[in-house]
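Colleague: Turn this into a structure:
(chains A and B)
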Number of protein chains: 2
Amino acid sequence: MDISVAAAAAVHTLVERRQTAATAESLTGGLVAATIVEIPGVSAVYRGGLVVYATELKARLAGVPEGLLAERGPVDGDVAAALAEGARERCGADWGLATTGVAGPEPQDGKPVGLVFVAVAGPSGTRVRELKLDGNREAVRTESVTAVLQLLIDCLRDSPAPA
Amino acid sequence: MDISVAAAAAVHTLVERRQTAATAESLTGGLVAATIVEIPGVSAVYRGGLVVYATELKARLAGVPEGLLAERGPVDGDVAAALAEGARERCGADWGLATTGVAGPEPQDGKPVGLVFVAVAGPSGTRVRELKLDGNREAVRTESVTAVLQLLIDCLRDSPAPA
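Modeller: Numbering: from 1, shown residues only, chains lettered A, B, ... in the order given. Purely as a prediction, here's the structure:
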């Protein structure tokens, strides 16, 4: 799915359901947020987000447990889940979206380029997807944005609409 | 100045000076951060940031005084300054960059489309620039990103390098 199509589909579903979203981004560095805010009508559903590029900010801004970061490093599925939950809570949104991974060109903390975890936290739990992406920094980032938007679309589809 | 050229110039100067930056973005919604993280070598100098699209998050995430927001609304020079100072403080960076303004297509709180304030907070104070931009949402956003990066470049040029 194209990145703008995914963003439009996610935003339109949120508008229909009158639900809100927030973001916490590591390797995408604001690109999930910037992609979402391009969609007309977004101000009713997008609250804002956290760009947690430095590892320390994952704890400080998004509330990821420091012990988890110390044990696993920032590129980890449980860290992605904690980021999504932190975005949801700290920004006061129904849904939290998160990305963490290795954009390259160098591996990071022993994790290969293209290893990415995306997560979505919602009213009834958190889902994580592990991705193994090819391509340069820009391609890895763009695919990561599309993947977290796709995961949100899947979570919205599988979640009952609020009464 | 082109947006990528401005980002590269800002990042390279920060790398040379071993100083760090953080962002707090309203109308640009993550685009300042996403532009900065495209520059190779950025991880040494970019800490992260706040996307404060909803007005309430300008207070909650970036510490903008609620009274100031209530009195002036979010599109204001002093709000831009407080956002830049909040980014600097909450992300633990030497420099904080902020944007707030009206991307359109509709005016907001009585402020015209294209009215934008960008601010940079640094070790010796905060500078704000008021912009009156033409064009569609995308053009207003892109020009706002370039303007805040240019303001950072100017502040770095006018500020003594750390010993």
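Colleague: could you list every residue that touches the closest residue in space to A:N136 that isn't next to it in sequence?
Modeller: In space, and not counting its chain neighbours, A:N136 is closest to A:G104: 6.8 Å by C-beta to C-beta, 6 or more residues apart in numbering or on different chains. For the C-beta atoms, the positions are set from N, CA and C on the backbone; glycine is no exception. Under the criterion of C-beta atoms under 8 Å, 6 or more residues apart in numbering or on different chains, the neighbours of A:G104 are A:113-114, A:136-137, A:140.
Colleague: With A:G92 instead?
Modeller: A:G92 touches A:20, A:22, A:47, B:56-57, B:60, counting by C-beta under 8 Å, 6+ apart.
Colleague: Over to A:I3?
Modeller: Residues near A:I3 by C-beta under 8 Å, 6+ apart: A:35, A:142, A:145-146, A:149.
Colleague: any idea what A:A98 is structurally, helix, strand or coil?
Modeller: When classified by DSSP: H, G, I helix; E, B strand; the rest coil, A:A98 comes out as strand.
Colleague: One more: A:A121?
Modeller: Per three-state DSSP, A:A121 ends up strand.
Colleague: can I assume it is in contact with A:A93?
Modeller: No: contact criterion C-beta atoms under 8 Å: A:A121 and A:A93 do not qualify, at 9.2 Å.
Colleague: These two: which has the busier surroundings?
Modeller: A:A121 (28 against 25; other C-beta atoms under 10 Å in any protein chain shown).
Colleague: hang on, the earlier thing: from the contacts of A:G104, list the buried ones, please.
Modeller: Neighbour-count burial (16 or more other C-beta atoms under 10 Å in any protein chain shown) is assigned, among the contacts of A:G104, to A:113-114, A:137, A:140.
Colleague: which residues does the residue nearest in space to the middle of chain A contact?
Modeller: Computing the C-alpha centroid of chain A and ranking residues by C-alpha atoms, centre = their mean puts A:A98 first, at 2.1 Å. Contacts for A:A98 (C-beta under 8 Å, 6+ apart) come out as A:23-26, A:62, A:80-81, A:83-84, A:86-87, A:118-121, A:148.
Colleague: And A:Q19, by the same measure?
Modeller: A:45, A:94-95, A:162.
Colleague: How much space separates the residue nearest to A:V116 when sequence neighbours are not counted from A:S144?
Modeller: With C-beta to C-beta, 6+ apart as the criterion, A:V116 has its nearest non-adjacent residue at 3.0 Å, and that residue is A:G101. Distance check for A:G101 against A:S144: by C-beta to C-beta, to the nearest Å, it reads 6 Å.
Colleague: for A:A59, same thing?
Modeller: A:A59 is 21 Å from A:S144, by C-beta to C-beta.
Colleague: Please identify which of these two sits among more neighbours.
Modeller: A:S144 (26 against 18).
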